[in-house]
Every structure is written in structure tokens, then in C-alpha cells.
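> Need a 3D model of the sequence below.
(2 chains)
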Amino acid sequence: MTVLSLPSFPLMQYARNLFQDLLVRVLRTGPVPRHVAFIMDGNRRFAKTNNLELREGHVAGTELLLKLLEVCFRMGINTVTIYAFSIENFNRPKVETDALFDLIRNNIVVLGSKDEMAERYGLAIKILGNRDLIPEDILELIVRVEETTKDNKRGTLNICFPYTSRDDIAQAIQKVVTDVFADTKQAPPPKSFGPPSSTSRPSPLHVTEKMLEKAMYTGESPPLDIMIRTSGVTRLSDFMLWQSHKNCTLEFVDTLWPDFGVRELYRLLLKWSYVKTLELQRDDLIQTTKVNNSTKNDYVGNYDEEVSSHASALTKISSVEKAVVHDEGIVEGICID
Amino acid sequence: MFTRLNQMLYPSSANPKFMPSDPWSFICFHVLHTVLLVFHLAYSLVHFVQYVAHRIKIRGLAISYHHNRTPQLISHDVADLTKLPNHLAVIVDLQDGSEEGGGVEGLVAQISEIAAWCCGTGEIKQLSVYERTGCLKSYNIKDVYKLVEEGMRSYYGSEMPSIKIDVPHSGAAHPTGESNGKVVNRKTDNKNDLTIHLLSEEDGRECLVDLTKTLSELAIAKKLKPRDITVDVIDEQMNMLVVTEPELLIVFGPQLDLQGFPPWQIRLTEIYHQPDNDAVTYGVFLKALQSFASCKQNVGK
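Numbering: from 1, shown residues only, chains lettered A, B, ... in the order given. As a prediction, this is how the structure comes out:
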């Protein structure tokens, strides 16, 4: 069987790649999301239903992830965020968390190493999450990978590990409070220099939504456009709550993560592209009608004046003509006479 | 000048990253873009078929489930569900006021319907109603209460369950319970059969920003160390300032869009959405409860 299919296999692979490439090229002529997030759910159920070991389920999931990331970045999506490990995952049996750590360790090395994805697509890899909880050897790796890819500007791959959104919001609030606190702690200028200017000092009242947003782990990423969750679970499970509860398309897909293919991703992106195109067209329409209305209104304002001035000019002209005719007649008459 | 040209030659939806300027790639772009438009057309056809299927399904739900304004029927409908949420949240849309069942009146009518169904199940003790604009909040809470009660009376007649309406942002509540100057903890009194929380966009991000301001003031006044700000502290505050985490969220709208629903509160909330549905109906409500009963919650595991 394998011998038979071997000769055709590379050809098929080639054709498939060509086709996929074409689809990517087609899709990127339209609107492309800036930021996509994945909750990769279903690795364990996949392993169970296919009689695989738990670990193999996770491996299958990671393989798929690499494939999808390639599609995403070729399409021109700026940032992809993946939920690799939740803080709650520490509640899982140790065998499994160890396996997950191993996977993360290996994949971070693979992603960050030369002429791998990060290099090919110019990606900066960032690990988002509570670093106090990361085992030391992985932390070292992470710091190294982040360091080597930090100058890549074309895109970003955010790996959330170990992450929960509430932890994210809490640390953002903490950061902002610390900043405000530190700013106010700096001694105000001595009294001899005049009264301290209250405007230059940041006060608690100056805290804004923007400040909080910037202080989040995802502070440097563009706003989230699509959140995809597989395996039919319709919860956010403490993932990017602040980022996804507004102006973001939520997609809950029934397939298990390792079965979720490029085709399905393509379908979701096409859907987004379609909806976005309609939205943009509607915005354009609103804008142009607004512009038209405003110019029309301006014009209407002047129109009456113009008409009346035209009318008066016309009457003037005709009276002048009449006068001329009259004069000419007179002149002629005079001449004839 | 060049950008003007590009604007004329490329559709406004195109990604500027892939707008080449030499003629060959320009032709390529337009060929590919035409293919994309064909795809969009195909997708819109698929979408239309889906839409029709969804509408038929919703109609079917409406036919097969009806409450007949009798609480007994509602409790019979949910009798064989293994679990029901204690705290239900719904996202409703403010409809155009000129249409029938629209405007603020329509909104209040919807709320009283949902409240009546919740009381009918017997398990749901808290109902959070999210309406993005918060238009209801500008009305006197007693008037809203009266209207909701009136609507529920058509279900319950003289056996009216005791309800309470609470507006977290302004701190208004009706009935207030003890009123001799003592602040009653809004969340802990469980004397009522149903507590309705009216939420809007300002209870989301804005509330977290306000909390940050308060915490900064406390830090400056040396009453709190920034290091002590933890998830638990914030959670406690959010529970007190807004609402606790709902177990089920029903989105009664054609698109699955959270519209700025308070982010802190939707951590593990089960989200139910009936595609292409545009009305608050009992069938959708029941379907959501059924799907909630069949899902299993496993935090992190």
C-alpha cells in the first residue's frame, strides 16, 4: 500500500500546496484580520477517540498548529495568539503537565531556531503569561528565543503560557497602580520653586482605558479580530476576556483541534472577509452619502442666492438689451431720419 | 499622488500590504481579487441557505415549545434537565422604537417575559440583563419595577413571586429592603425569588478602570500596597460592584457578539447563541437551558 502510494504522494503534496498557496493569495486581496486567537481544545478527546496516548494527541495538535500558523502568516495576519497552557492546567495530573512542558520546550526551540518559521516570516515570538509560574529551565529558553526574535517586525506569535485572562487583567491593574503610585511618590518640587504644578503629576484620575489596555500582556498587539475555539465548547475559559468581549468575532467550531484543518480555517477567514467587506462597503456608503449630503446642503444654501442672483442678472441683461435695442432703434431711426 | 492612484485602482477593502504597483502584479491582483469576489458571492449563497435553515429551525422551536403563560408548563419543560444555572445572563438588543415591540417599552416587556420564565424554572435566582446602551438606567427604577411586575402578573396572577431590580452602576435597587440608612449588601440577601440586574456597557471596561482609580488612591494613601492587588481582591470587588459570574449567557441576536459585556464576569460562562435569531423567544431560552444541562464544566482539566 505504502509502496503503491509513494510515487504519487509527492505530486499530490505538491498539488495541494500549490492549491493552498493560491487560496491564500486570493484571500489576501481582500480585508485580512490583524489578530487571530486560537483556543486549541480537543487534543485529549482526539487521543481518546483514536486510541492514542494522551501525549500523541498533544503532538498531533502541535503539528496542526504549525501548519495553520504558516497559512495565517502567509495571508498577512499580523498577530496570532495561541492558548498553550492555562494557569488552571496546573491542576492536571503531573504526567500530563510534564508532557505539555516537554512539548512547549521542544516547540519553542523549533520555532525560534534559524531558518524555521520565525525567520521565514519575520516573526517575533512572545510568551504571555505569569512568568513566576514557569519552570526555570523553560524560562531560560523563553528569554533566549524572545531575545533572538525581538527584532523581527513583520508579525508576532504570542504564546500564552501559563495564562489566564483574569490574571492578565489583575497584573495590568497592578502595573497601572504601581506606575501611578511611583509617579506620585517622586517628591514634588520644593516649595521655594513655587507651588507644584498639579497638571504635570499623573493622578489616579488620569487612569484611562487605554492605559489599562497597554498594560495587558497583549498591550502591543493589534486589537483582536477573530477568536476561534474548537471542540464544540462554547466558553472563553478565561482566555482574552478583555480583548474578545468587544468588536471581535467569536467562532465556536465543533471539530476537535487535531481534526481542525486548513480548509476549515480558510472557511472561517472567508466568512470574516465577506462580513468585513460588507461592513466596509456600508461604512463607505455612509461616508459618501454623508459627504454628498453635506455638499448638497452647502450647495442648497448657496443655490437660492445663486438662482436669485442669476435671475436678477438675467433681468438686468434683458433690460439692458431692450435698452440697447431701443437705443439702436432710436439711433437707427435717427439715422434713417 | 501615488497613494491617490492606488486608492483608485484598488478596492477600499484591500490590504495595503499586498497592493503592488508594477503592471504585472497589478493584473495578478485583480484576477485574484475577482476570484475572491466570486468566493464571496458563493459564500453569500451558502449563507442565505443557512439563514433559511436557521429561520425554519427557530420557527420549529416556537411551534414545539410554548409556555401559554403558565408557570407549571415551564417547570414541566425543565423538569428533566439535570442542572439549571443559578445565575443567568442575557444580551438583548434595543429595537427601533418605531417598530412594534421596539423601544424601551419593548425592552421592558422582554425583560418581564424572561423574568417570568426564570421564575418558572424555579432554579434561576439571578438574572443579569445586558443592553449595551443602558437606556433603561435613565428611567426611574420604581417605574421599571412596576412595568416588569405588571408583565409578570399575566403569568402568575395573585401568586406573584417576589422580585428585585438592581442597577449596579448607580447602586439603585428596588425594593431596597432595609432603608434606615444602613447599606444592605446587595448580593447576599436571598429573600427574593429573583433578582434582576440591569447592566450596560459602562459596567464592563469602565468599571475596571474606575476600580483601578480607586485602588491607586488607596495605594497613594498608603492603605494598600500595589503588590497586594491580586485576582481575588479584584474578583471580590467586581462581585460587589457589578455582578457575580453568570453560569449561562444567552445572546438573543442574529450575530454572536458580546457587545462589551463585562469581561471579568464571563470567565467560564457558557455562551449560547441561536444563529440568525432576532427575537426573545421562549424556544431559544429553553434550548439554551437544554444545552447548558448537557455540557460539562471542567476547569483546567
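
> what's the neighbour count on the closest residue to chain B within the stretch 51-200 of chain A?
Closest approach between the stretch 51-200 of chain A and chain B, counting by Cβ to the nearest Cβ: A:Glu88, at 2.7 Å. Quick note: C-beta positions are derived from backbone N, CA and C, even for glycine. Neighbourhood size, A:Glu88 [other Cβ atoms under 10 Å in any protein chain shown]: 17.

> what about it, distance to A:Leu250?
20 Å (Cβ to Cβ, to the nearest Å).

> mind listing what the closest residue in space to B:Lys191 that isn't next to it in sequence touches?
In this structure, B:Lys191 finds its nearest non-sequential neighbour in B:Ser162, 7.2 Å apart by Cβ to Cβ, 6 or more residues apart in numbering or on different chains. Residues counted as contacts of B:Ser162 (Cβ atoms under 8 Å, 6 or more residues apart in numbering or on different chains) are B:191-194.

> From these, keep the buried residues only.
B:192-194 (16 or more other Cβ atoms under 10 Å in any protein chain shown).

> Take those residues and lay them out in a markdown table including secondary structure and distance to chain A.
Shown next, in a markdown table, are the buried ones among the contacts of B:Ser162 (DSSP: H, G, I helix; E, B strand; the rest coil; distance: Cβ to the nearest Cβ, whole Å):
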| residue | secondary structure | distance to chain A |
| --- | --- | --- |
| B:Asn192 | coil | 28 |
| B:Asp193 | coil | 28 |
| B:Leu194 | strand | 24 |
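
> Helices along the stretch 201-337 of chain A, start to end?
Listed in chain order, the helices found in the stretch 201-337 of chain A under DSSP state H, counting those that start in this stretch are A:209-215, A:241-244, A:262-336.

> now do the stretch 51-200 of chain B
Ranges of helices in the stretch 51-200 of chain B, per DSSP H, counting those that start in this stretch, are B:71-77, B:103-121, B:141-156.

> what about residue 218, how many neighbours?
Picking chain A for this. Residue neighbour count, defined by other Cβ under 10 Å, stands at 25 for A:Thr218.

> meant chain B actually
B:Leu218 has 18 neighbouring residues, counting by other Cβ under 10 Å.

> what's the nearest residue to B:Asp193 once chain neighbours are set aside in contact with, if anything?
Spatially, and ignoring its direct neighbours in sequence, B:Asp193 is nearest to B:Pro161 (3.7 Å; Cβ to Cβ, 6+ apart). For B:Pro161, the contact set (Cβ under 8 Å, 6+ apart) comprises B:119, B:152, B:193-194.

> With chain A as the reference, measure out to the residue nearest to B:Lys191.
Distance, B:Ser162 to chain A, by Cβ to the nearest Cβ, to the nearest Å: 32 Å.

> pretty sure A:Leu23 is touching A:Tyr266, no?
Yes. In this structure A:Leu23 lies within contact range of A:Tyr266 using Cβ atoms under 8 Å: 5.9 Å.

> how much space between B:Leu147 and A:Asn78?
B:Leu147 sits 48 Å away from A:Asn78, going by Cβ to Cβ.

> residues in contact with the residue positioned nearest the centre of chain B?
In chain B, the centroid-proximal residue (Cα atoms, centre = their mean) is B:Ile91; its distance is 2.3 Å. Residues counted as contacts of B:Ile91 (Cβ under 8 Å, 6+ apart) are B:130-131, B:249-253, B:258-259, B:261.

> In space, what's closest to A:Gly155 - neighbours in sequence excluded?
Excluding its sequence neighbours, the residue lying closest to A:Gly155 (Cβ to Cβ, 6+ apart) is A:Leu123, at 4.8 Å.

> mind checking how far that neighbour is from B:Leu198?
Counting by Cβ to Cβ, the separation of A:Leu123 from B:Leu198 is 45 Å.

> Then B:Trp24?
Using Cβ to Cβ, B:Trp24 is found at 60 Å from B:Leu198.

> Read off the pLDDT value for the residue in the stretch 51-200 of chain B that chain A sits nearest to.
Residue of the stretch 51-200 of chain B nearest chain A, by Cβ to the nearest Cβ: B:Arg132 (9.9 Å). Note for B:Arg132: predicted pLDDT of 93.

> same deal with A:Arg105?
For A:Arg105, pLDDT reads 84.

> I figured it was touching A:Leu141, is that so?
Yes. Between A:Arg105 and A:Leu141 there is a contact under Cβ under 8 Å: 6.3 Å.

> Among those two, which residue is more densely surrounded?
Counted by other Cβ under 10 Å, A:Arg105 and A:Leu141 do not tie: A:Leu141 has more neighbours, with 18 against 15.
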